[in-house]
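J.: Just need the structure, nothing else, for what follows:
(one chain, ligands or ions: 3)
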Amino acid sequence: MVVLSPPALDHCSLIKTCKPAASVFTGIPVIDMMDPEAKTLIVKACEEFGFFKLVNHGVPMEIATILEAEALRFFNLPQLEKDKAGPPDPFGYGNKSIGANGDVGWIEYLLLNTKPDVASQRTLSVFQENSEIFRSAVRDYISAMKKIAFEVVELIADGLKIEQRNVLSRMLRDEKSDSCFRLNYYPPCPELQALSDRNLIGFGFGEHTDPQIISVLRSNNTSGLQICLRDGTWVSVPPDQTSLFINVGDSLQVITNGRFRSVKHRVLVDNVKSRISMIYFGGPPLNEKIVPLGCLLAKGEESLYREFTWSEYKKSAYKSRLADCRLGPFEKTSG
Ligand SMILES: C=C1C[C@]23C[C@@]1(O)CC[C@H]2[C@@]12CC[C@H](O)[C@@](C)(C(=O)O1)[C@H]2[C@@H]3C(=O)O
Ligand SMILES: O=C(O)CCC(=O)C(=O)O
Ligand SMILES: [Fe+2]
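T.: Numbers count the residues shown, from 1 in each chain. Ligands and ions are numbered 1, 2, ... in the order given. Model (predicted):
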């Protein structure tokens, strides 16, 4: 933690020392969803990076553009109005505070339920005139993201040569699937200018892995997202508002017995540009057992993890800090 002289930064907890800026990475796997080889390339990307960019995905850009405009309209409302939609317990508006265990970032967000016509609808109606436009934009976007997530995990099953291609998608398709949706807004942080000489970087969202099976992310054209490569190097992901980015989550790491790795990622803020991102987190039903698929285990290979349900994992994950290794307590070696 760095203590800065007032009045520049009353939010100095959001600023951490950092090694020199990560380089822009040109090696992110790009998967064309229409490519007949997509299934094989997706598996390779999940093994090597736990992350890839999806193009030719067929989601009309307009759906994202409309939602982005509505979200910006919300985040530009007076603070008192936005606060009416909070706190995020579990769904609602959040500001700087991430989760319940002391993590902070230079961020505002809306956490929403992915089930049509429930909490998210109420959250969105609290504050806005014409909130039906926002609600329907959220509904349309979530429904497009669900389709993509189902297809991606079915391609994964194909690529892994699993006979039952719905072995993963059935968990996301289940009406009890515990998925969620997040709209993140990272306002520009002008004070960062003064800090750049001192090698200081502001975090919008600190490093973490996503706990679910798979996350589907779309952002505007502002950079900030970084991923951690297998060798521990942090690299910047070039933004691309027309593409979708897929993250392997902790649950998929377990289901593949570590063959896929959940990707560590984080978001840095910019001093002039705001970033907006929208993420669908595809999770299993609460009572689902998260165990390696038998067909993926080689003869004699044992699970690296003790058996647990998504409900148990989620309970434990939500007690952790962002940067914690959430799978640690479930690894067999840790007793
Ligand atoms: C600090 C936390 C925020 C988080 C719950 C947690 O205790 C650890 C995981 C965090 C995370 C990361 C991915 C998603 O953004 C999220 C909604 C999730 O499911 O796990 C967040 C949680 C959150 O913001 O509440
Ligand atoms: O905003 C982003 O690009 C990533 C945010 C993120 O990792 C999250 O919400 O879990
Ligand atoms: Fe994340």
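J.: So residue 217, which state does it fall into?
T.: strand (DSSP: H, G, I helix; E, B strand; the rest coil).
J.: How much space separates the residue of the stretch 201-335 of the chain found nearest ligand 2 from residue 144?
T.: Using C-beta to the nearest ligand atom, the closest approach of the stretch 201-335 of the chain to ligand 2 is made by residue 277 at 3.4 Å. To be clear about C-beta, it is placed using only N, CA and C from the backbone, and glycine gets the same treatment. As judged by C-beta to C-beta, to the nearest Å, residue 277 and residue 144 stand 16 Å apart.
J.: Pick out whichever of those two has more residues nearby.
T.: A count of neighbours by other C-beta atoms under 10 Å puts residue 277 above the other of residue 277 and residue 144, at 25 against 21.
J.: Roughly how far does the more buried one sit from residue 34?
T.: From residue 277 to residue 34 the distance is 25 Å (C-beta to C-beta).
J.: Show me the strands in the stretch 51-200 of the chain, by range?
T.: For the stretch 51-200 of the chain, applying DSSP state E, counting those that start in this stretch gives strands covering 51-55, 92-98, 103-113, 180-186, 200-208.
J.: Redo the ones you listed as CSV? Include mean neighbour count, distance to ligand 1 and mean pLDDT.
T.: CSV is the format used below for the strands of the stretch 51-200 of the chain (neighbours: other C-beta atoms under 10 Å; distance: least, C-beta to the nearest ligand atom, whole Å; pLDDT from 0 to 100):
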stretch, mean neighbour count, distance to ligand 1, mean pLDDT
strand 51-55, 22, 14, 98
strand 92-98, 20, 5, 95
strand 103-113, 22, 5, 94
strand 180-186, 22, 5, 97
strand 200-208, 21, 5, 87
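J.: now for those strands, which one comes closest to residue 281?
T.: When the strands of the stretch 51-200 of the chain are compared for distance to residue 281 using C-beta to C-beta, the nearest one is strand 180-186, at 5.1 Å.
J.: how big is the angle separating the closest one from strand 92-98?
T.: If you take axes from the mean of the first three to the mean of the last three C-alpha atoms, to 10 degrees, strand 180-186 sits at 60 degrees to strand 92-98.
J.: near ligand 2 at all, strand 180-186?
T.: Yes: for strand 180-186, a contact with ligand 2 is found by C-beta under 6 Å from any ligand atom, at 182, 184.
J.: packing partners for that strand?
T.: On a contact count with 3 or more C-beta pairs under 8 Å, 6 or more residues apart in numbering; DSSP states H and E, strand 180-186 meets helix 61-75, strand 103-113, helix 131-159, strand 200-208, strand 275-282.
J.: With residue 237 as the reference, name the closest of those.
T.: strand 275-282 (11.2 Å).
J.: ok, the helix or strand just after that closest one: who's next to it in the sheet?
T.: Next along the chain after strand 275-282, taking DSSP states H and E as the criterion, comes strand 289-290. Paired neighbours of strand 289-290 in the sheet (DSSP bridges): strand 308-309 (antiparallel).
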